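Trainee: my questions are about this predicted structure, shown below with the sequence.
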Amino acid sequence: MQCINVATNPNYKVIIGQDILEDVTHYADDCGSECIIVSDSNVANLYLPRVRAALTAAGMRVGEVVFTAGESCKTLTTAGKLLDAYAQFKLTRSGVVLALGGGVTGDLAGFTSAVWLRGVPVIQLPTTLLAMVDSAVGGKTGVDLPYGKNLIGAFHQPRKVLADINTLKTLPEEQHLDGVAEMLKAGITRDPELFAKLLSEPQSALSEEAIARSISIKAEIVVADEFERGERKLLNLGHTAGHAIEKVSNYRIRHGRAVAMGMVLVADAGWRHGITSEACRDAIIEALARCNLPLLSPYQIEELLPAMGYDKKRTGSKITLAVPKEIGQCELLELAVEELPAFWGVKGVQEL
């Protein structure tokens, strides 16, 4: 078992280990006397009964709300249903929201806990590799709009993150790969050793040590720039194009796969502009291929540009891209929005 301290204000711990859900009240000993569990229709069938039983046995008043699984349900409509459930449960500020599931669940539970009664605590119980190494840590919450992903949200740090790696045993291969893409991103951004480990042993992504290292990388960057005014934007490597790919596909393409395609696109564009070394670009492509992640977007850049115009890293008429230089080193590139087509290699200017 490993424990990582995230020194934001307030600070919190990320605990990684086995059999955490069976003894959730031991690790989440600051739940208070009431909580409501948020989960999706897939995860609820697997894990909600045991979590509810453990909490009830500890004498807590326990509620639950289950929504239909999938990114297409990460909407204001679903958020409203969660908030209605909190109201019916009469959740007070002494209560806690428990987010049991993957990234969509964490985003929805985090966002609704941020706005319910102007803020109640949330404890993240991630059950997917992607949620463990990325979305459950850092306090970003949100829902999607038809215009783009995560356009409505709040920074709301969790009270605690409890990552039970036993849940990864039931994870479908495609969801496992989503997490591997984010772990490779962490290596490209900050840690050549982690990147090399995943390149040589893709199966090591499921090890407690690799998961903990990926979380530590994100935690270090979040602590340095909690509200994404600078350095934290490095964690968006592959995400400007990746989120656009998700949006254009109507979320049929999963997040990790879209980010993998986005990393190839930005590494190749960076190489053409003299930012990314050829060795770095080739290593990224090789690593993604060896981990059975896709390399090529099914959409042309011209199809993705309108969605990129809604990127959250846009400020006024400028947008910031994370671009790899070498494995373990990325830089932030600020471009005028009208310069985006040329960066991606598209002739002419498109209004965004």
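Mentor: Happy to help now that I have it.

Trainee: so which residues of this protein form helices?
Mentor: Under the criterion DSSP state H, helices of the chain are mapped to 24-27, 41-57, 76-89, 103-115, 129-130, 173-190, 192-200, 208-224, 239-248, 255-272, 278-290, 301-308, 340-344.

Trainee: any chance of those in TSV, plus mean pLDDT and mean neighbour count?
Mentor: Using the backbone N, CA and C atoms, a C-beta is placed for each residue, glycine as well. Converted to TSV, those look like this (pLDDT from 0 to 100; neighbours: other Cβ atoms under 10 Å):
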stretch	mean pLDDT	mean neighbour count
helix 24-27	86	18
helix 41-57	95	17
helix 76-89	98	16
helix 103-115	98	26
helix 129-130	96	28
helix 173-190	95	24
helix 192-200	92	18
helix 208-224	96	20
helix 239-248	96	25
helix 255-272	97	24
helix 278-290	97	18
helix 301-308	93	19
helix 340-344	94	19
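
Trainee: residues near the residue nearest to Pro158 when sequence neighbours are not counted, how many?
Mentor: Distance criterion Cβ to Cβ, 6 or more residues apart in numbering; nearest residue to Pro158, sequence neighbours excluded, is Gln124 at 4.7 Å. Gln124 has 28 neighbours, counted by other Cβ atoms under 10 Å.

Trainee: how much space between Val122 and Lys160?
Mentor: Remark: distance between Val122 and Lys160 (Cβ to Cβ, to the nearest Å) = 9 Å.

Trainee: which one's more surrounded, those two?
Mentor: With neighbours defined as other Cβ under 10 Å, Val122 and Lys160 compare such that Val122 has more, 28 against 20.

Trainee: that one pairs with what?
Mentor: Under DSSP bridges, the beta-bridge partners of Val122 are Val97.

Trainee: so who does it touch?
Mentor: Applying Cβ atoms under 8 Å, 6 or more residues apart in numbering to Val122 gives the contacts 96-99, 109-110, 113-114, 156, 158-159.

Trainee: quick one: closest of the helices of the chain to Glu231.
Mentor: helix 208-224 (5.3 Å; Cβ to Cβ).

Trainee: domain ranges for the protein?
Mentor: Recorded structural domains for the chain (assignment: automatic domain parsing) are 2-170, 173-344.

Trainee: ends of the longest one, what's the gap?
Mentor: End-to-end span of domain 173-344 (Cα to Cα, to the nearest Å): 31 Å.

Trainee: just to revisit the earlier point, could you export the contacts of Val122 to TSV, including columns for distance to Glu338?
Mentor: What follows is the contacts of Val122, written out as TSV (distance: Cβ to Cβ, whole Å):
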residue	distance to Glu338
Val96	46
Val97	42
Leu98	45
Ala99	39
Ala109	38
Gly110	34
Ser113	39
Ala114	34
His156	34
Pro158	39
Arg159	43
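
Trainee: in the sheet, who's paired with the residue nearest to Glu209 when sequence neighbours are not counted?
Mentor: Leaving aside its sequence neighbours, Glu209 sits nearest to Gln2 (Cβ to Cβ, 6+ apart; 7.7 Å). Beta-bridge pairing of Gln2 under DSSP bridges involves Ile16.

Trainee: Gln2: neighbour count?
Mentor: 15.

Trainee: pretty sure it sits against Ala210.
Mentor: No - if you go by Cβ atoms under 8 Å, Gln2 and Ala210 don't touch, sitting 10.9 Å apart.
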